[in-house]
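Trainee: The sequence and its predicted three-dimensional model are supplied below.
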Amino acid sequence: MHMWEVGLQSWVVLCIGFPCSQQLCKAMAEDHPQTMVTCTAPVNIAVVKYWGKRDEQLILPINSSLSVTLHQDQLKTTTTAAISRDFTEDRLWLNGKEEDIGHPRLQSCLREIRRLARKRRGGSQSRDTAPLSLTYKVHVASENNFPTAAGLASSAAGYACLVYTLAKLYGIEGDLSEVARMGSGSACRSMFGGFVQWVMGEDADGKDSVAQQVAQETHWPELRILILVVSAEKKPMGSTAGMQTSVKTSFLLKHRAQAVVPERMAQMIRHIQQRDFEAFGELTMKESNQFHATCLDTFPPIFYLNDISKQVVALVHRFNTHCGKTKVAYTFDAGPNAVLFMLEETVGKFVEVVKRSFPPENNGGQFLKGLPVEAATPSEELLSAVVRDPSPGAVRYLLLTKPGPGPALMENADCHLLGADGLLRSSSS
């Protein structure tokens, strides 16, 4: 189980807002000679799917993949890392709860960051003269503002944020996607904003299995992403276990990796570069369908979609059929929550269709989160053609976002998740 796959049942506020005055920061430096860094990192959603590894330890994929980085104003992980001569052991807090920092993947990232830090300093510098001693222990606190382990790429954002934060703490620069990959494969794609490909690579050591930006987040300003949160519950089978079973048992997965994905990667990059939404949307849906087909082809079969997910798929196809073209596209990762792509001009009308198909139980209060939506009144013709057998309460809430930038350093000390003593801040602090 990924270390970020810890159940989170509610919306979490990240910037806790504890006061961190200049006097307090000065006291921190005097009483606890430590360095503290806080960063954020985004979620990414794959439109050409990654599923299956050729090397479990190095996390090397059996095929390349491509994703869209979502904006951190709506979805992000925040991580604080602190280092001090006073710390007696490495410690980790996730979503307010202390966890075992001995997870192999976390340790892989931590070891690699420390190795890069030693390399940066030439490997010969004395412990006593190093500006930040590599013998000091590190404390890490991390929080998501979205449901964890529910199929919304929590491990990708979590490990990307961990690696980026540790790199800032230790003064490491350059491409860190290879390090992030060691924690969670898709985390390498969260090291960049916009549209990102993860090149599978061929080398046995994984040095060429890295992420590359295809286009910046500003490349397609009209593109919007609407997430339908069907369930915030932890998924029944984690991605790691699911992939291992698929690689062992699915012939479709092998065919897909060898014969289908290479061409689809080239097509998807072209559609994005040309901002061809119809082609982009159609290929995105086919990719999602084939991914879940490999899950069904796995033995025993894996079911990540539920009945509501299938209703969303049918709704999107009815909407597109009525419009006479692909106006909305769905994709599902390893979970039941739908991620829908559309252009800004379509959002208002489609949100109204969703509200009528899945009426909110709380009469609309906080049903729509994220970016503001311009009010629209769908025609009766559209509603009668698209809305079938409404399912009240089936969708918990909607979240509207757009493509966004990669990881960022937080300059405001108020956002630190650790206190002056290097321990987790709490309401009693």
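Mentor: Cool, got the structure.
Trainee: Tell me, how many residues neighbour residue 107?
Mentor: 14 (other C-beta atoms under 10 Å). Bear in mind the C-beta positions are built from the backbone N, C-alpha and C, glycine included.
Trainee: Also residue 324?
Mentor: Neighbours of residue 324 (other C-beta under 10 Å): 7.
Trainee: before we move on, what about the one 5 residues further on?
Mentor: Residue crowding around residue 329 was assessed by other C-beta under 10 Å; the count is 23.
Trainee: residues in contact with it?
Mentor: 280-282, 284-285, 316, 340-342 (C-beta atoms under 8 Å, 6 or more residues apart in numbering).
Trainee: check which helix or strand covers it.
Mentor: strand 328-331 (DSSP states H and E).
Trainee: Paired strands for the helix or strand following that strand, with orientation please.
Mentor: Sequence order places strand 338-343 as the next helix or strand after strand 328-331, per DSSP H and E. According to DSSP bridges, strand 338-343 forms sheet pairs with strand 223-229 (antiparallel), strand 328-331 (antiparallel).
Trainee: Show residues contacting strand 338-343.
Mentor: 45, 47, 68, 222-228, 230, 277, 280-281, 284, 309, 312-313, 316, 327-333, 350.
Trainee: pLDDT of the helix or strand following it, averaged?
Mentor: For strand 338-343, the succeeding helix or strand toward the C-terminus, using DSSP H and E, is helix 344-357. Averaging pLDDT along helix 344-357 yields 97.
Trainee: now for helix 344-357, which elements pack on it?
Mentor: strand 223-229, helix 307-323, helix 380-386, strand 397-401 (3 or more C-beta pairs under 8 Å, 6 or more residues apart in numbering; DSSP states H and E).
Trainee: partners of the helix or strand just after the last one, with directions?
Mentor: Moving toward the C-terminus from strand 397-401, the first helix or strand encountered (DSSP H and E) is strand 408-409. Take DSSP bridges as the rule and strand 408-409 pairs in its sheet with strand 34-42 (antiparallel).
Trainee: coming back round to it: now the strand holding residue 329: buried residues?
Mentor: Buried residues in strand 328-331, defined by neighbour count with 16 or more other C-beta atoms under 10 Å: 328-331.
Trainee: Check stretch 353-373 too.
Mentor: 353-355, 357-360, 367-368, 370-371, 373.
Trainee: mind checking how far stretch 281-297 is from the chain centre?
Mentor: When C-alpha coordinates are averaged (C-alpha atoms, centre = their mean, to the nearest Å), stretch 281-297 and its chain have centres 19 Å apart.
Trainee: Which pair in the buried residues of strand 328-331 has the greatest spatial separation?
Mentor: Put simply, by C-beta to C-beta the two of the buried residues of strand 328-331 set farthest apart are 328 and 331, 11.1 Å from each other.
Trainee: that older thread, can I get the buried residues of strand 328-331 in CSV with pLDDT and distance to residue 85?
Mentor: As requested, those are arranged in CSV below (pLDDT from 0 to 100; distance: C-beta to C-beta, whole Å):
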residue, pLDDT, distance to residue 85
328, 98, 55
329, 99, 53
330, 98, 52
331, 98, 47
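Trainee: between those, which is closest to residue 160?
Mentor: For those, the nearest to residue 160 is residue 331 (19.6 Å; C-beta to C-beta).
Trainee: what about that closest one, distance to residue 163?
Mentor: 25 Å (C-beta to C-beta, to the nearest Å).
Trainee: Residue 111 now?
Mentor: 12 Å.
Trainee: who's more crowded, these two?
Mentor: Remark: of residue 111 and residue 163, residue 163 carries more neighbours, 31 against 12, as counted by other C-beta under 10 Å.
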